[in-house]
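[1] quick one, fold the following:
(one chain, ligands or ions: 1)
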Amino acid sequence: MAFQNILLEQPEPGIYLLTISRPKALNALNSATLDEIAVATDVVAEDPGARVLLVTGAGEKAFVAGADITEMQNFTPGQGEAFSAHGSRAFAKLEALPLPVIALVNGYALGGGCELALACDWIIASERAVFGQPEVNLGVCAGFGGTQRLPRRIGPARALELLCTGRQINAEEAAAIGVANRVVPAAGLRQTGLDMARVIAGMGPAAVRYTKEAVRRGAELGLAAALALESQYFGRCCATQDQKEGMKAFVEKRPPRFTGR
Ligand code: CAA
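    Numbering: from 1, shown residues only. Predicted structure coming up:
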């Protein structure tokens, strides 16, 4: 499929790689790019063989340097609200994909770029990654989910410090406070993502899908309701041939051969 601002590739069966690519603007997100992210998400959602989506930025300098400031500078209140809602819708679609979505953060992940990474299920950071929510320095609050997803990931006090000061943090600090899961050398970022994706793609697909749904939906519920939800998903897994195969393989001391049924 031909896109102007992103690339969607399938480097290996079941593994998709979405690259934000607007090098002249350090991959900043304008409206057209948000639309393309939403279309690419639909493409992945409609592929029953899709197992993992990796998200990264083109070039060596930036993951995504934010929402596009040139597009936003003369916004009316109505245009501002609509643009924020536009980004939120695109990121919500990405987050709702029934498979793990992993951000490979290769450089600046600022403002809308940090928010794009936070809409992914987890983040692997290159040692060159820089995270931050500098919106207050532009006279706006975060608009693509930062005020909501950052506190849910690292707690309200740490999130508010970053959101109110605009302070940028390096990959090491991002991992220490739980923004990123791990830090890897820049040259190994893509390979680390592919290796992790391959491991996930080798697991029972329904088990991975229900795991993500249990964690994501359960986070919105009280503990008792969330545990009941987990039991439902556990039961649904037991309806799959892959559950029979996985447990039979353990008993027979051999690797499982999952088929996605
Ligand atoms: N929007 C539009 N263009 C951007 C951009 C952005 N967010 N970030 C960088 N660019 C453009 C620059 O204008 C520049 O273009 P020109 O060459 O035409 O001048 C080009 O990308 C390269 O950028 P710099 O020359 O600034 O590169 P640098 O190495 O000196 O600095 C940087 C890199 C620190 C990331 C700096 O570009 C920067 O601070 N960018 C803005 C970061 C930011 O404030 N992001 C938040 C945006 S607001 C937002 O995201 C709101 C929301 O939540 C919805």
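[2] going by C-alpha atoms from here, please, whenever you check contacts or count neighbours.
    OK.
[3] what's the model's confidence in stretch 103-119, averaged?
    In this model, stretch 103-119 carries a mean pLDDT of 98.
[4] next one: stretch 187-194
    The average pLDDT within stretch 187-194 is 98.
[5] what of stretch 144-156?
    Mean predicted lDDT for stretch 144-156 stands at 98.
[6] list the buried residues for it?
    Applying a neighbour-count criterion of 16 or more other C-alpha atoms under 10 Å, one finds F144, G145, G146, T147, R149, L150, P151, R153, P156 buried in stretch 144-156.
[7] who in this protein is up against the ligand?
    Proximity of the chain to the ligand, by C-alpha under 6 Å from any ligand atom, involves residues 24-26, 28, 65-70, 84, 108, 110-112, 134-135, 142-144.
[8] out of those, which sit inside helices?
    I69, T70, S84, G112 (DSSP state H).
[9] list just the nearest of these to V179.
    For these, the minimum distance to V179 (C-alpha to C-alpha) is 14.7 Å, reached by G112.
[10] one step back: between the buried residues of stretch 144-156, which sits nearest the ligand?
    Of all these, the ligand sits closest to F144, with 4.7 Å by C-alpha to the nearest ligand atom.
[11] where exactly do the strands run in the stretch 101-250 of the chain?
    101-105, 108-110, 122-126, 130-132, 169-170, 182-184 (DSSP state E, counting those that start in this stretch).
[12] can you say which of the ones you listed is nearest to D47?
    strand 101-105 (14.6 Å).
[13] which elements pack onto the closest one?
    Secondary-structure packing of strand 101-105 (3 or more C-alpha pairs under 8 Å, 6 or more residues apart in numbering; DSSP states H and E): strand 52-57, strand 122-126, helix 189-201.
[14] direction included, what does that strand pair up with?
    Taking DSSP bridges as the criterion, strand 101-105 forms sheet pairs with strand 52-57 (parallel), strand 122-126 (parallel).
[15] redo the ones you listed as CSV? Include mean neighbour count, mean pLDDT and distance to P185.
    Shown next, in CSV, are the strands paired with strand 101-105 (neighbours: other C-alpha atoms under 10 Å; pLDDT from 0 to 100; distance: least, C-alpha to C-alpha, whole Å):
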stretch, mean neighbour count, mean pLDDT, distance to P185
strand 52-57, 26, 98, 15
strand 122-126, 25, 98, 6
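[16] burial count for the closest residue to F250 other than its chain neighbours?
    Excluding the flanking residues, the one nearest F250 by C-alpha to C-alpha, 6 or more residues apart in numbering is P256, at 7.5 Å. Per other C-alpha atoms under 10 Å, the neighbour tally for P256 reads 19.
[17] can you verify P256 is assigned to a strand?
    No. With DSSP: H, G, I helix; E, B strand; the rest coil as the criterion, P256 is located in coil rather than a strand.
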